[in-house]
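Asks: please find the sequence and the predicted model below.
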Amino acid sequence: MTTPDNRMAQEAREAPSAVARQQRALAEPLARLVARLRERPPQVAVTCARGSSAHAATFGKHLLERHLGLPVAAAAPSIASVYHRSLRLEGQLFLAISQSGGSNDLIELAASARRAGAVTACIVNETASALAAQCEFALPMEAGPELAVPATKTFISSLAALARLVALWSEDAALTAALPRLPERLAAAAELDWSALVGAFARAGSLVAIGRGPTLAIAREAALKLKETSNLHAEAFSSAEFLHGPVSLVSSLYPVLMLTPQDEAAPGMRALAADLRRKGAALLTTDDASEAATHLPTLASDHAELDAICLIQSFYGVVARLAAARGADVDRPRHLQKVTRTR
């Protein structure tokens, strides 16, 4: 869509090659992990992540629950790092996700989970990190160096790694077949013109991003990126949760970004879109079947869960332009640093 002129945009465009690389890098550790999980199937999975990685964990929750029927809960790292309490996780799956693998609270919870007898795994870009050392299975993102403060290719690589894990574990033929097509589709998604988003959001004071199923994680990541890069307050909700109160915020001055999945959740999203139009919302949607005035272009559907990953690739392609329109610099976001270390 545009020629990258900043570090964030350049790195976002490296996502397709990173996803292509990781297939080989993940083959052996994924095979070992899945063999272990099949030997003694866990009854629950616990995720541990912060920031964009926490949104990746949301995507993993959808995949694991839908394809394997495995309940997934997000752990609070402070239980170990601040309150020094261990969790009863013997035989269960503990899955941490981190670009740097350097956040103390994630490291301490991973160590605690391993002592408790959990099957500990992490998806990391830095395989020599302290987090990787604390986990029995380290799954490399293979994103390569990411220097921009806002994560892009590491987020996409995390989603792809989660899809590979679930495809192998569940033996889902459709997901397995679609994964080799993902790098090419990501490259195509990067070229789609989402510039309508700039005009709609450039002067906004606040907005909402809505998803469901595989696109809830995408909505959360989009909202975070708007905060990080454009100093724009954005919240994310599932389409169902939005109706439980936040819908009261809707007006012509409150833009709504709807990231509609190409699966069984789509009809409900379309019904919500129609209701929001009647309420006078300033609505942007990725759904061609919607009657909203502003549609953001998408690729023809291939596999609903991998289609969702392509949506964030298209979003990354325009977010730097929006930041510039709002007078912000995506390569120097205020108050942020690349690696955040918390306890």
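Replies: Yep, that arrived. Residues are numbered from 1 along each chain as shown.
Asks: helices of the stretch 1-150 of the chain, start to end?
Replies: Taking DSSP state H, counting those that start in this stretch, the helices of the stretch 1-150 of the chain run over residues 7-12, 15-39, 51-68, 78-81, 104-115, 130-134.
Asks: closest to residue 167 out of those helices?
Replies: helix 51-68 (8.1 Å; C-beta to C-beta). In short, each C-beta sits where N, CA and C put it, glycine included.
Asks: now for whichever strand or helix holds residue 186, which elements pack on it?
Replies: Residue 186 belongs to helix 182-189 when assigned by DSSP states H and E. Judged by 3 or more C-beta pairs under 8 Å, 6 or more residues apart in numbering; DSSP states H and E, the packing partners of helix 182-189 are helix 15-39, helix 153-170, helix 304-325.
Asks: so what does the last one touch, helix or strand wise?
Replies: The contact analysis (3+ C-beta pairs under 8 Å, 6+ apart) places helix 304-325 against helix 7-12, helix 15-39, helix 51-68, helix 153-170, helix 173-178, helix 182-189, helix 196-201, helix 216-230.
Asks: any buried residues in the helix or strand harbouring residue 210, and which?
Replies: Secondary structure assignment for residue 210, by DSSP H and E: strand 206-211. Buried positions in strand 206-211, judged by neighbour count with 16 or more other C-beta atoms under 10 Å: 207-211.
Asks: now do stretch 67-79
Replies: For stretch 67-79, using 16+ other C-beta under 10 Å, the buried residues are 67-68, 70, 72, 75, 77, 79.
Asks: quick check: which ranges of this protein have low pLDDT?
Replies: Across the chain, residues meeting the criterion (pLDDT under 70) sit at 1-4, 149, 245, 248, 251-252, 290-293, 332-343.
Asks: which segments of it make up each domain?
Replies: With domains defined by automatic domain parsing, the chain comprises 7-182, 192-325.
Asks: and the helix holding residue 186, how far out from the chain's middle?
Replies: Between the centre of helix 182-189 and the centre of its chain there are 16 Å (C-alpha atoms, centre = their mean, to the nearest Å).
Asks: got the angle between it and helix 15-39?
Replies: 140 degrees (axes from the mean of the first three to the mean of the last three C-alpha atoms, to 10 degrees).
Asks: got the contact list for helix 182-189?
Replies: Helix 182-189 has contacts (C-beta atoms under 8 Å, 6 or more residues apart in numbering) with 15-17, 19-20, 156, 160, 163, 298-299, 302, 306, 309-311, 313-314, 317.
Asks: would you write a PyMOL line that selects the buried entries of those?
Replies: To isolate the buried members of the contacts of helix 182-189 in PyMOL, using 16+ other C-beta under 10 Å:
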select buried, resi 15+16+17+19+20+156+160+163+298+299+306+309+310+311+313+314+317
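Asks: got the helices of the stretch 1-150 of the chain as a markdown table, with distance to residue 186 columns?
Replies: Converted to a markdown table, the helices of the stretch 1-150 of the chain look like this (distance: least, C-beta to C-beta, whole Å):
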| stretch | distance to residue 186 |
| --- | --- |
| helix 7-12 | 10 |
| helix 15-39 | 4 |
| helix 51-68 | 15 |
| helix 78-81 | 35 |
| helix 104-115 | 27 |
| helix 130-134 | 25 |
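Asks: closest to residue 261 out of these?
Replies: helix 51-68 (9.5 Å).
Asks: and the buried residues of strand 206-211, which is closest to residue 60?
Replies: Out of those, the member with the shortest distance to residue 60 (by C-beta to C-beta) is residue 211, at 14.9 Å.
Asks: I'd say that closest one and residue 242 touch.
Replies: No - assessed by C-beta atoms under 8 Å, residue 211 is found out of contact with residue 242, at 9.9 Å.
Asks: what do these two both touch?
Replies: Counting by C-beta under 8 Å, 6+ apart, nothing touches both residue 211 and residue 242.
Asks: tell me which of the helices and strands packed on helix 182-189 is the most buried.
Replies: Of all these, helix 153-170 has the most neighbours on average by mean count of other C-beta atoms under 10 Å, namely a mean of 26.
Asks: and the angle for it with helix 216-230?
Replies: Going by the same axes, to 10 degrees, helix 153-170 makes 170 degrees with helix 216-230.
Asks: could you name the helices and strands sitting against helix 153-170?
Replies: So helix 153-170, by 3+ C-beta pairs under 8 Å, 6+ apart, packs with helix 15-39, helix 51-68, strand 119-124, helix 173-178, helix 182-189, helix 304-325.
Asks: now do 6 Å
Replies: helix 15-39, helix 51-68 (3 or more C-beta pairs under 6 Å, 6 or more residues apart in numbering; DSSP states H and E).
Asks: quick one, what contacts residue 134?
Replies: Residue 134 makes contacts with 107, 110-111, as judged by C-beta atoms under 6 Å, 6 or more residues apart in numbering.
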